[in-house]
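In: test case, fold it:
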Amino acid sequence: MKKDLSSKKGDTRFVQKSSLYQEFLAEREEILRHKWLESEKAGKDVGFEKALLDWIRNHREDWRNYRRGPELKKPPKAS
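Out: Numbers count the residues shown, from 1 in each chain. Just a heads-up that it's a prediction; the model follows:
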């Protein structure tokens, strides 16, 4: 069965407006910015995968906490 075109456009609009998709786009933008900065430091293109892994290991948690804002940050761990 063929899905009609108007239904596909509606699906696309829904995805683009979803908060999960918006979060993905924001994270991707940060990774690309990190890739650019690291490539500039290295004097050559470091590649997306290397930049991605480095960003996840060293910056993702702080970036997510910053995006959450003070009211949504994780509570401190109980001792």
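In: measure the residue sitting nearest the centre point of the chain to residue 43 for me?
Out: The chain has residue 27 as the residue nearest its centroid, 1.5 Å off, counting by Cα atoms, centre = their mean. The gap separating residue 27 from residue 43 is 26 Å, by Cβ to Cβ, to the nearest Å. C-beta coordinates here come from the backbone N, C-alpha and C atoms, glycine included.
In: now do the same for the residue nearest to the centre of the chain: its pLDDT.
Out: For residue 27, the pLDDT comes out at 96.
In: can you give me the helices for this structure?
Out: 5-17, 19-42, 48-58, 60-68 (DSSP state H).
In: where does stretch 50-66 sit relative to the chain's centre, distance-wise?
Out: In this view, stretch 50-66 has its centroid 9 Å away from the chain centroid, taken as Cα atoms, centre = their mean, to the nearest Å.
In: endpoint to endpoint, that stretch covers what distance?
Out: 23 Å (Cα to Cα, to the nearest Å).
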